[in-house]
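S.K.: no sequence on this one, just coordinates:
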């Protein structure tokens, strides 16, 4: 699964809640009401535009928040280096695949952040 901002923008525009079907993955969707029923959710942030950050604050702690290294730095600048949100951030380098595991410890999917030059 490639997580390019251009792909994610098209995906999000077509859905009210940006949950990847048949997964516990939420993309650019951080409102507590959108993911309340999900067990062990994984969150992905495509980039730091304000319309993608809705629901995030320094006390956010609903699950791991996967993003690029650059996006993680911007989040830390905006929300601080300490607090619950900072502890949830998992930064990944662009073009380097990573596995996202389910609650049972089995690999669910391999993801890669790519630069969309957005």
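M.R.: Cool, the structure landed. Every value quoted in this text rests on a predicted model; they were computed, and no experiment measured them.

S.K.: Report the distance from the helix or strand encompassing residue 99 to the chain centre.
M.R.: Element membership of residue 99, judged by DSSP states H and E, is strand 98-101. Distance, stretch centre to chain centre, for strand 98-101: 13 Å (CA atoms, centre = their mean, to the nearest Å).

S.K.: list the buried ones in that strand?
M.R.: Neighbour-count burial for strand 98-101, with 16 or more other CB atoms under 10 Å as criterion, is recorded at residue 100. (Glycine included, C-beta is placed from N, CA and C.)

S.K.: and the nearest residue to residue 59 once chain neighbours are set aside, how many neighbours?
M.R.: In space, and not counting its chain neighbours, residue 59 is closest to residue 84: 5.2 Å by CB to CB, 6 or more residues apart in numbering. Close neighbours of residue 84, defined as other CB atoms under 10 Å, add up to 13.

S.K.: Mind checking which residue lies nearest the centre of this structure?
M.R.: The centre of the chain sits closest to residue 44, judged by CA atoms, centre = their mean, with a distance of 1.3 Å.

S.K.: quick revisit: distance of the residue nearest to residue 59 relative to residue 101?
M.R.: According to CB to CB, to the nearest Å, residue 84 stands 21 Å off from residue 101.

S.K.: Helices along the chain, start to end?
M.R.: 5-13, 32-35, 69-79, 84-88 (DSSP state H).

S.K.: who's in contact with the longest one?
M.R.: In other words, helix 69-79. 45-48, 53, 56-58, 65, 67, 85-86, 89, 91-94 (CB atoms under 8 Å, 6 or more residues apart in numbering).
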